[in-house]
Each structure stands twice: as C-alpha cells, then as structure tokens.
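**Q** After the sequence you'll find the predicted model.
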Amino acid sequence: MNDPIKNKKLRRPYIEMPGATGMPNMKDILSSVPKEREHRFESAGEFITRLAHRVTKWRESLPEDQSPVVLTFLPTGDVVEVLTVGEDGHSSVVIEGLVNDDPCMFISHQASLQILCYTRKIEEEGENSDEPKKKRFIGFHVGGEEIEA
C-alpha cells in the first residue's frame, strides 16, 4: 500500500552545519564579543557618524544653490536648527544650535531625539552683493574627531 506519510519528504534546513546539534549557547557567544562591539549599534557615536555620512552623501547630490539643514525638536515644541552635534557619553548627544536665531545647547538621550533634514536655497550675502553666501557646514563630533557635513 502506498502510505502518503512515509513517502512525504521532510523539508531540509537551508543551512547545514556538520557537528552542530541544538541551539548555540548564547552565553558563550556573547562572552566572546567585546562589550564595546556588543553595544556599538546603540551608541550615540554610531548614530552621529551615520547621520554625518547621510548628510554628506545627500549634500553631494544637491544642486549648487541648495544646502542641507538639520533640525531637532525640543519637548516644548521649539525647533533647534543644528549647528553641531556630538556624543556625550555612550547614549546621549549634545546639540548646539539656534532657536529663533538665539544660540542654545541641548542635551538629550539619543532615543528621544527627533531629527528632520531638509534643503534650503543658499541666498547671497547682501542685497547688492555679487558674492554668493558660503555654504554652511554642520559639525559632527565623535570620538574627539570632527566630521563636517
């Protein structure tokens, strides 16, 4: 007799690991990873570095008369135009910027930080000036180094 259960092929795993049985011991795996690398993805420095590279790449694709602007939002609803952003320990960031054209400094845990990036047309210095306004760069400070984007 033809038994459908006996004739049914079992699905094989996508990856075969000879000699591996059961689940790996996660304690052993995590103990071999340096603490710095284990939490690298969640560090403020990694966040700032990725943001700097994104802004740099974005700037490269913009027309000559456009410049990126980075904003962050305070819990009060005020908007900060970011001039510099740096890491403040493992998970906090310190932002220097402008609120209504007044200088400010804002420190926040990176998890509660909201960022908006947009472009602004670069205007000339003065009404009668033939010199174009210089592009303003945003400073990103990570590990004692500065990345201008």
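**A** Looks like it arrived, so ask away.

**Q** switch to C-alpha atoms for all contacts and neighbour counts from now on
**A** Fine.

**Q** which one's the longest strand in this protein?
**A** strand 79-88 (DSSP state E).

**Q** Show me what it is packed against.
**A** Using 3 or more CA pairs under 8 Å, 6 or more residues apart in numbering; DSSP states H and E, the elements in contact with strand 79-88 are helix 44-61, strand 66-73, strand 92-99, strand 139-142.

**Q** Apply 6 Å and report the result again.
**A** strand 66-73, strand 92-99, strand 139-142 (3 or more CA pairs under 6 Å, 6 or more residues apart in numbering; DSSP states H and E).

**Q** Any idea which of the ones you listed gets closest to residue 116?
**A** strand 66-73 (5.1 Å; CA to CA).

**Q** Indicate each strand paired with the closest one and its parallel or antiparallel sense.
**A** Paired with strand 66-73 in the same sheet, following DSSP bridges, are strand 79-88 (antiparallel), strand 115-121 (antiparallel).

**Q** Would you mind listing the outside residues contacting the first one?
**A** This points to strand 79-88. 44-45, 70-73, 93-99, 138-142 (CA atoms under 6 Å, 6 or more residues apart in numbering).

**Q** Just the CA atoms of it, as CSV, please.
**A** C-alpha atoms of strand 79-88 as CSV (Å, rounded to 0.1, in the frame of the first residue of the first chain):
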residue,chain,number,x,y,z
VAL,A,79,12.7,73.8,16.9
VAL,A,80,16.5,73.8,17.0
GLU,A,81,18.5,74.4,13.9
VAL,A,82,21.5,72.2,14.4
LEU,A,83,25.0,73.8,14.0
THR,A,84,26.9,71.0,15.7
VAL,A,85,26.1,67.6,17.3
GLY,A,86,28.3,65.5,19.4
GLU,A,87,28.3,62.4,21.6
ASP,A,88,28.0,62.9,25.3
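
**Q** Quickly, which of the helices and strands packed on strand 79-88 bottoms out on average pLDDT?
**A** Mean pLDDT is lowest for strand 139-142 out of these, coming in at a mean of 90.

**Q** Dump that one to PDB, restricted to CA.
**A** Provided in PDB are the C-alpha atoms of strand 139-142 (Å, rounded to 0.1, in the frame of the first residue of the first chain):
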ATOM      1  CA  GLY A 139      29.800  69.800  12.600                       C
ATOM      2  CA  PHE A 140      29.500  66.200  13.900                       C
ATOM      3  CA  HIS A 141      31.800  65.400  16.800                       C
ATOM      4  CA  VAL A 142      32.600  61.700  17.500                       C
END
